[in-house]
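Participant: here's a sequence, model it:
(chains A, B, C and D)
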Protein chains: 2
Amino acid sequence: MRKILDAAREEFGARGFSDTSIVGITQRAGVALGTFYTYFESKESLFQALVRDMSAQVRDTVGPILAQGNDRLDSERLGLSAFLRFARDHRDIYRIIDESEFVDPVAYREHYETTAMRIAARFRRARDNGEVDASLSDHDLDVLAWGMMGANVFLGLRFSVWDDQDSDKVAEAMTRIWRRGLTR
Amino acid sequence: MRKILDAAREEFGARGFSDTSIVGITQRAGVALGTFYTYFESKESLFQALVRDMSAQVRDTVGPILAQGNDRLDSERLGLSAFLRFARDHRDIYRIIDESEFVDPVAYREHYETTAMRIAARFRRARDNGEVDASLSDHDLDVLAWGMMGANVFLGLRFSVWDDQDSDKVAEAMTRIWRRGLTR
DNA sequence: ATGAAAGTTGAACCGTGTTTCAACTTGCGA
DNA sequence: TCGCAAGTTGAAACACGGTTCAACTTTCAT
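Facilitator: Residues are numbered from 1 along each chain as shown, chains lettered A, B, ... in the order given. Presented below is the predicted three-dimensional model:
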């Protein structure tokens, strides 16, 4: 079961959903084809289980780190940096979550909606604290949450998955812009 | 040929790559199965042709608009708003470009690398003009380009493809943050 | 009007990969 | 040790859809 899940993660990550076969997964896991069906109903349901698992893993890795930092944006910087390292070390997970948009849209939506809601909530708290601009409306912060999340995802793709650059530098550059904006 | 391309866009957009069949495409196009193969080598090559076409369409729609506006960020606001409207009106295109990450990774990469390079170049010019913070390095602006692009993509997904909100309002909220940052 | 070239057709072929299931193996309590 | 339950096996059934191709239709220059 664990063996199958791990093998599946590697196979889906490396080949994508449609190019990985259950034969391939079971071979990598070192079990027989039939064994697969004692644990999972179908290829889709395995993928679903995997996405939910990975989604939780991202949260559990980055979540705790968001408690550190001197202020809201400093915490977000640390969170982004951790996320970039996670992406670098788990390219397969990254890809699986991305591909879930097409294989398991419900899980995909849940993953990003939950994430965005949490970001928005953190910034609402920060605004009410006076740590960020008090004139930002709730709607502004929803837009911010989705924008920031999209930025993080693309930075992960470009600077971690595709080409492994220094995650602190990238997080630092991005956060500086979030903090002060582009104009002086 | 045109009929096949249009039918393919609709089918791929609605069902995704692996769930659309060539039979389905040709039926929608009103031609026989065999006709497909006088115009395209394979299902993959059709998808490729489609992605390149769509990628150009996005550029041709948003590109000209970036010449308008009072300053760099005002132009970007107009560009984002146009992009959001485009996403709303062409959900199928949106989905096809997203899915190309898995079906035609080269095209996907080209699409986003080209887009990011253009954004970065615009901001480099703006920085050298004095329109944005002169202390931002080229690397900072590369990070910005990927971050901003990711933000735009996710805003499109959330506020146009999934749930059609006022594109001007969203673009305005996001751009205000890019301009002044989150702190006061 | 004629015939060759270009375009169209869809039944059949073919490969791939998911899923089933009856036989077999292993683990464990009595 | 025995026997039952639980877990494992992989060959074969099965479904599906991409691709081929020889026959047919249309177009168009002479």
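
Participant: please make it C-alpha for all contacts and neighbour counts, starting now.
Facilitator: Fine.

Participant: contact partners for the residue nearest to the spatial centre of chain A?
Facilitator: Central residue of chain A (CA atoms, centre = their mean): A:V58, 5.3 Å from the mean position. Residues near A:V58 by CA atoms under 8 Å, 6 or more residues apart in numbering or on different chains: A:83, A:86.

Participant: quickly find the element holding it.
Facilitator: A:V58 belongs to helix A:43-62 when assigned by DSSP states H and E.

Participant: equivalent analysis for A:R109, please.
Facilitator: Going by DSSP H and E, A:R109 is part of helix A:105-129.

Participant: can you list the buried residues in that helix?
Facilitator: By 16 or more other CA atoms under 10 Å in any protein chain shown, the buried positions in helix A:105-129 come out as A:107-108, A:111-112, A:115-116, A:119-124, A:126-127.

Participant: can I get those in a markdown table including pLDDT and distance to DNA strand C?
Facilitator: Shown next, in a markdown table, are the buried residues of helix A:105-129 (pLDDT from 0 to 100; distance: CA to the nearest atom of the strand, whole Å):
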| residue | pLDDT | distance to DNA strand C |
| --- | --- | --- |
| A:A107 | 95 | 19 |
| A:Y108 | 97 | 21 |
| A:H111 | 97 | 24 |
| A:Y112 | 98 | 27 |
| A:T115 | 98 | 30 |
| A:A116 | 98 | 33 |
| A:I119 | 98 | 37 |
| A:A120 | 98 | 39 |
| A:A121 | 98 | 40 |
| A:R122 | 98 | 41 |
| A:F123 | 98 | 43 |
| A:R124 | 98 | 44 |
| A:A126 | 98 | 47 |
| A:R127 | 98 | 49 |
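
Participant: might one say that A:V103 is in contact with A:E44?
Facilitator: Yes: in this structure, A:V103 is within contact of A:E44 by CA atoms under 8 Å, at 7.3 Å.

Participant: is whichever strand or helix holds A:I25 in proximity to DNA strand C?
Facilitator: Element membership of A:I25, judged by DSSP H and E, is helix A:22-29. Yes: using CA under 7 Å from any atom of the strand, we find that helix A:22-29 touches DNA strand C at A:22-23.

Participant: can you name the element that comes right after that helix?
Facilitator: Helix A:22-29 is succeeded, C-terminally, by helix A:33-39 (DSSP H and E).

Participant: buried set for that following helix?
Facilitator: A:F36.

Participant: can you tell me which residues in chain A are near DNA strand C?
Facilitator: By CA under 7 Å from any atom of the strand, the residues of chain A that approach DNA strand C are A:18-23, A:33-35, A:37, A:41-43.

Participant: determine the number of other residues adjacent to A:S55.
Facilitator: By other CA atoms under 10 Å in any protein chain shown, the residues close to A:S55 number 20.

Participant: can you check the pLDDT for it?
Facilitator: Listed pLDDT for A:S55 reads 96.

Participant: need the contact list for it.
Facilitator: Listed by CA under 8 Å, 6+ apart, the contact set of A:S55 reads A:97, A:111.

Participant: A:D6 now?
Facilitator: Each residue near A:D6 by CA under 8 Å, 6+ apart is listed here: A:A29.

Participant: mind checking the SS state of it?
Facilitator: helix (DSSP: H, G, I helix; E, B strand; the rest coil).

Participant: report the separation between it and chain B.
Facilitator: 21 Å (CA to the nearest CA, to the nearest Å).

Participant: still on that earlier bit, more neighbours: A:V103 and A:E44, which one.
Facilitator: With neighbours defined as other CA under 10 Å, A:V103 and A:E44 compare such that A:V103 has more, 21 against 13.

Participant: near chain B too, which of the residues of chain A next to DNA strand C?
Facilitator: For chain B, the contacts drawn from these by CA under 8 Å from any CA of the partner chain are A:S18.

Participant: how about the residues of chain A next to DNA strand C in TSV, adding pLDDT and distance to DNA strand D?
Facilitator: Listed next are the residues of chain A next to DNA strand C as TSV, based on pLDDT from 0 to 100; distance: CA to the nearest atom of the strand, whole Å:
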residue	pLDDT	distance to DNA strand D
A:S18	95	11
A:D19	96	13
A:T20	97	15
A:S21	97	12
A:I22	97	10
A:V23	97	9
A:L33	96	4
A:G34	95	3
A:T35	96	4
A:Y37	96	7
A:E41	94	13
A:S42	95	13
A:K43	96	14
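
Participant: A:A171 reaches A:R77, doesn't it?
Facilitator: Yes: using CA under 8 Å as the test, A:A171 is close enough to A:R77 to be in contact (5.5 Å).

Participant: quick one on the thing from earlier: the helix holding A:V58 vs helix A:22-29, what angle?
Facilitator: 50 degrees (axes from the mean of the first three to the mean of the last three CA atoms, to 10 degrees).
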